[in-house]
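# Model the following, please.
(4 chains)
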2 protein chains.
Amino acid sequence: MASIKDVAAEAGVSAATVSRVLNSHPSVSEEARTRVLAAVEALGYRPNAVARSLRTAQTRTLGLVISDVLNPYFTELARFVEEEARALGYSVIIGNADERPDLQDHHIRTLIDRRIDGLLVSPADGGSPLMRDVALSGTPMVFVDRWIPGIDVPVVRADGTGAVKDLVAHLHGLGHRRLAIIAGPAATTTGNERVEAFRAAMRELGLALPDAYIGQGDFQAASGRRATERFLALAEPPEVVFAADNLMALGALDAIRAHGLRVPDDIALAAFDDIPWFVHTDPPITAIAQPTADLARAAVRALADLIEGRTPQSVTLPARLVVRRSSGGAATNQRSDR
Amino acid sequence: MASIKDVAAEAGVSAATVSRVLNSHPSVSEEARTRVLAAVEALGYRPNAVARSLRTAQTRTLGLVISDVLNPYFTELARFVEEEARALGYSVIIGNADERPDLQDHHIRTLIDRRIDGLLVSPADGGSPLMRDVALSGTPMVFVDRWIPGIDVPVVRADGTGAVKDLVAHLHGLGHRRLAIIAGPAATTTGNERVEAFRAAMRELGLALPDAYIGQGDFQAASGRRATERFLALAEPPEVVFAADNLMALGALDAIRAHGLRVPDDIALAAFDDIPWFVHTDPPITAIAQPTADLARAAVRALADLIEGRTPQSVTLPARLVVRRSSGGAATNQRSDR
DNA sequence: ATCATGCGTGTAATCGATTCCACGGCGTCG
DNA sequence: CGACGCCGTGGAATCGATTACACGCATGAT
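Next up, the predicted model:
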């Protein structure tokens, strides 16, 4: 593979001049420029990004560590992150933590070793010492979706409080009083916040939320199934199950179906995170939709701001309720409004 | 960030010795080794992967270029690819082409510029000149799922011929005679092969496959919707629609529902690529399942073989039919067998 | 005529690692 | 007792770029 020296030799100039042409430095004669460009063309030369990074101490690469690529919400987030990063001239390396703190640490370490310019993280846990160190070490870092209290970096996320309140009101309006929730891991902010928003909304309407109606999940389908089975085994099972993410909703649907019950007639269902498939499930699932594309864009911009020395902003965008058949409200098989 | 020189100074040895310790070179005294390790610990030193890559001319990184991350089949593939690569000591950088040849080229170029050790590609088109050049240039490369005829690199893929034949026989057994297919782009091998397998299976049973029953899609949901609408507008619409990937099946379901028709009573549906959501759609969708994890592992191993100087093997694994309600066969709401 | 200015260019240092080569010291063998 | 070999180590070259600095030459001002 041709190096800058080969190009220099071919063009009859020094490597310095080639570099200047490639970085559009002003003081290069028109003649040298054309000769260099011709040589570049002739040799099919492409600058070695590794060497360039070593010298300039920047890689024009962002790291994105997400908790679970198989979760369509995060896949979508990753897609938009890459899109915005590309527009800003960065590449993205994705690390999938599979909700495992050890894997998360592995990826963070690898990314740092590669000297990525900045890190976008949706932490899988309450905060490994490593993450704290990285943040303190001055590596530009932004949290997206989930964050870790006590680590002082910008956070870009959706606020579901309003939408959860709308959801509870909607269900209450349909006559439901016994609402249960499948929570995410307590170590994640999204796990806690969604339960708290739910609890607050219930209290506001004078509804009780007994402990038995709070299932512990881990954002994976299997845990949604288990939690739902426990609900159904209660002497007085809930009339509604609200899953704190889309995969657990899938598990809940599984469990409900396995018990021969119908949604929404026997039990209603709703989920946090809206995904395209929810329009096509049986029945279509009522969900709280996050503005994924906007979150991704805001997160990348905040990170780029941090990297390039500007002052980044934390951003919170509202989520919104999308009512479908599974909650019992929308009787008609309406088209999705996504 | 501490460099090897800082460690050397701290340990009172030369950088060469530090390097030898870190790469477990045999000829280092026990005393030097412990002093170096202590210094590494004290400084929290981590080797700079960029510098190392420049010197050793290898990055221990694989590039994976897929046609569409939002397609659950590819997301799953990517996940398993990363898993196997990690086991073999490689990192993976994913490039999402969004079924766009220009984006595909962008990612390939970026990955080559970063001097990845090898490239795993599921080409979005029939073969850009760039891909041909890269293959010829000697960059280790393996095709996965889709490939490009005429480019001589190993191919790891699933063979759906048998499963498509099973599917057609299954539908024929249910009394269906008018079967339509929504094809993928003719520029992709998977696009063509699936149509050919379908055509062959039909011929074998003495069934006609008129041109009007071959819809042109692009592996995206919208194209599945359009193709299905054209089918439904025919004087004699098909009794079955077979979509060549899961997203187009989703579009087909949309279109069928918009026409107020029921699956499978009014029209049956089947898809290539099985995904977890197909169990939960209304109705559950009959699909042809690929052994995604095995494909990913085989592809990574073939690429590692190529990189490390061993002789790689092309691999073809069989896909298999999973019958669910959408084809009209499985009357019961059976549990998924995934 | 002289000197400052500036432009285009090349030389060389540098980034952080790896690795070839040489050197000093010690043990072994003839 | 001298020569040889081996072991542990450090010096220095190297990978492929970027960039500070210096130099030569032309131009313009004084």
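
# What confidence value was assigned to the closest residue to A:H107 other than its chain neighbours?
Distances taken as CB to CB, 6 or more residues apart in numbering or on different chains place A:G95 nearest to A:H107, at 2.9 Å, with adjacent residues excluded. To be clear about C-beta, it is placed using only N, CA and C from the backbone, and glycine gets the same treatment. Reading off the confidence values, A:G95 has pLDDT 97.

# quick one: low-confidence ranges for the stretch 1-150 of chain A?
Scanning the stretch 1-150 of chain A for pLDDT under 70 picks out nothing.

# Pull the number of nearby residues for A:A249.
30 (other CB atoms under 10 Å in any protein chain shown).

# from what I can see it touches A:A271, true?
Yes: shown here, A:A249 and A:A271 form a contact pair, counting by CB atoms under 8 Å, at 3.5 Å.

# where do the contact lists of these two overlap?
Residues touching both A:A249 and A:A271 (CB atoms under 8 Å, 6 or more residues apart in numbering or on different chains): A:A243, A:I285, A:A287.

# Against DNA strand D, how distant is the last one?
Just to be clear, that refers to A:A287. A:A287 is 48 Å from DNA strand D, where distance means CB to the nearest atom of the strand, to the nearest Å.

# and that residue, what are its bridge partners?
A:A271, A:V322 (DSSP bridges).

# number of nearby residues for it?
Neighbours around A:A287, by other CB under 10 Å: 28.

# Then the first one?
Using other CB under 10 Å, A:A243 has 33 other residues around it.

# measure the residue nearest to A:H107 to A:L64 for me?
Distance of A:G95 to A:L64, given as CB to CB, to the nearest Å: 7 Å.

# A:A32 now?
For A:A32, the distance to A:L64 - CB to CB - is 41 Å.

# I'd guessed A:L261 sits against A:A255; true?
No: look at A:L261 against A:A255 with CB under 8 Å: they stay out of range, at 9.1 Å.

# Need the overlap of contacts for those two.
With CB under 8 Å, 6+ apart as the test, A:L261 and A:A255 both reach A:L232.

# So for these two, which sits in the more crowded spot?
A:A255 (19 against 13).

# For the more buried one, report the pLDDT, please.
Looking at A:A255, the pLDDT reads 94.

# what number of residues lie near the closest residue to A:G215 other than its chain neighbours?
Leaving out its chain neighbours, the residue that sits closest to A:G215 by CB to CB, 6+ apart is A:A227, at 2.9 Å. By other CB under 10 Å, the residues close to A:A227 number 25.

# A:E41 too?
Number of residues near A:E41 (other CB under 10 Å) recorded here: 10.

# so what's it up against?
With CB under 8 Å, 6+ apart, A:E41 has no contacts at all.

# Now it, what are its backbone angles?
Main-chain dihedrals, A:E41, degrees, to the nearest 10: phi -60, psi -50.

# And the one 4 residues further on, by the same measure?
Note on A:Y45: its backbone torsions stand at phi -70, psi 140 [degrees, to the nearest 10].

# now A:L317, what's its secondary structure?
strand (DSSP: H, G, I helix; E, B strand; the rest coil).

# Specify the beta-bridge partners of it.
With DSSP bridges as the criterion, A:L317 is bridged to A:A158.

# what sits against it?
So A:L317 contacts A:R157, A:A158, A:D159, A:Q290, A:P291, A:D294, A:L295, A:A298 (CB under 8 Å, 6+ apart).

# so which of those comes closest to B:D166?
A:Q290 (40.6 Å; CB to CB).

# A:S53: which of the contacts of A:L317 is nearest?
Lowest distance from A:S53 to those (CB to CB) belongs to A:A298, with 26.8 Å.

# Next, count neighbours for the closest one.
Neighbours of A:A298 (other CB under 10 Å): 23.

# What strand or helix carries it?
Using DSSP states H and E, A:A298 maps to helix A:292-307.

# which residue ranges form the strands in chain A?
Listed in chain order, the strands of chain A (DSSP state E) span A:61-66, A:91-96, A:118-121, A:141-144, A:155-159, A:179-183, A:214-216, A:240-243, A:268-272, A:286-289, A:315-318, A:320-322.

# Tabulate these in TSV, adding columns for distance to A:A8.
Listed next are these as TSV, based on distance: least, CB to CB, whole Å:
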stretch	distance to A:A8
strand A:61-66	27
strand A:91-96	27
strand A:118-121	33
strand A:141-144	39
strand A:155-159	45
strand A:179-183	62
strand A:214-216	64
strand A:240-243	62
strand A:268-272	58
strand A:286-289	55
strand A:315-318	47
strand A:320-322	58
